[in-house]
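S.K.: Kindly return the folded structure for what I paste below:
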Amino acid sequence: MELSRAKTLLIAAFFLLNLFLFYHIWEEKGESLFPYGQQTELSQLESALEEAKLEMAIGLPRGGIRIGHLVVEPWEIERSKAVYPVWDALGIEREAASDVLAEQPAQAEEERVIISRHGTGDYKLVLREGGAVSLNSALENPSEEDVAWEEMEKAAQDFVDGIPYMADFELDYMQRGQEWTVLNYRQVYDHFPLYAGYLQVFMNGLDLTGFYLYRLEPVGFAEQAREVVPPSTALLRFLEVYAADGRQKAIVDFSLGYYSQEYDAERWEIPPVWRIRLNNGELYYINAFTGNLER
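M.R.: Below is the predicted model of the structure:
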């Protein structure tokens, strides 16, 4: 009986030793032994969030996703195909818009400025190489009425729907000011948000006062797929580098997509990221392969 009991204890000891070694190997690879939802990791997250004065207004998404880098190229479009849809969406006759590059020289050679003489004010459309288009207006009688958010969203969406090269942009979030509201859109590719491509639509009441667009041309996903860092791990890594300013804030969005700074290149790869958005508009991107904060 004593020999049998000793064998049982020895087997149990080896089993616990294997668990201990497995844990350290797993930890060195940057993985979390505890899946999100267990008390140990919940306690870590709660303590880190409390110290950073952050609260979670949403739940973390599911992990266990395998994806690859996204290959992109700069977006290029003919001038007429970029300009005319804007005038059409604004209800401006094309003949009323004039190319005044000679009268209004651009800041750089790669820019081209087009101005529309319109009854309510001038619209200035600027085309830049590399995938950027911007519109500014000087409306003589901007709206001073308080309009419902739904009406403003519809007015902005009607404009976006009228521009073919904005078809792959979806509304992300809004920022409301005293005299203006910005509707932030994000580019989408194969159901993934492409945070590197974005559209900001500026509204004053129901009047569109301008927009800024930067878009990319997705080529496809890289063949090699990897499992992304679990959301809980990404959140902990973010909290390690987050510089709290003492004010209470909330995390209102935590989602997986692709982000990259603007590059002057013919083609490049974009890594997947976990994007964290705070209720004050701050945005942070955590590399979903390394867990590092993207600068």
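
S.K.: following the longest strand along the chain, which helix or strand shows up next?
M.R.: Counting residues, the longest strand found in the chain (DSSP state E) is strand 192-204. Proceeding C-terminally, strand 192-204 gives way to strand 207-214 as the next helix or strand, assigned by DSSP states H and E.

S.K.: Can you list the neighbours in contact with that next one?
M.R.: With Cβ atoms under 8 Å, 6 or more residues apart in numbering as the test, strand 207-214 has contacts from 90, 131-137, 139, 142-143, 155-156, 159, 165-166, 180, 196-203, 262. The C-beta positions use only the backbone N, C-alpha and C, and glycine is treated the same way.

S.K.: how near is the residue most central in space within the chain to Leu216?
M.R.: Nearest to the mean C-alpha position of the chain, counting by Cα atoms, centre = their mean, stands Tyr195 at 3.2 Å. Going from Tyr195 to Leu216 by Cβ to Cβ, to the nearest Å gives 10 Å.

S.K.: Kindly report the same for Met152.
M.R.: Taking Cβ to Cβ as the criterion, Met152 is separated from Leu216 by 27 Å.

S.K.: Same question for Glu50.
M.R.: When distance is defined by Cβ to Cβ, Glu50 is 38 Å away from Leu216.

S.K.: which of the two has more neighbours?
M.R.: More crowded of Glu50 and Leu216, by other Cβ atoms under 10 Å: Leu216, with 24 against 10.

S.K.: Now do the same contact list for the more buried one.
M.R.: Leu216 is in contact with 72-75, 131, 187, 194, 196-197, counting by Cβ under 8 Å, 6+ apart.

S.K.: Apply the buried test to these and list what passes.
M.R.: A residue is treated as buried here by neighbour count (16 or more other Cβ atoms under 10 Å); on that basis the buried members of the contacts of Leu216 are 72, 74-75, 131, 187, 194, 196-197.

S.K.: Make a markdown table from these and add pLDDT and distance to Gly64 to it.
M.R.: Written out in a markdown table, the entries for the buried ones among the contacts of Leu216 read as follows (pLDDT from 0 to 100; distance: Cβ to Cβ, whole Å):
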| residue | pLDDT | distance to Gly64 |
| --- | --- | --- |
| Val72 | 96 | 25 |
| Pro74 | 92 | 33 |
| Trp75 | 93 | 33 |
| Gly131 | 83 | 33 |
| Gln187 | 97 | 25 |
| Leu194 | 96 | 22 |
| Ala196 | 92 | 25 |
| Gly197 | 93 | 26 |
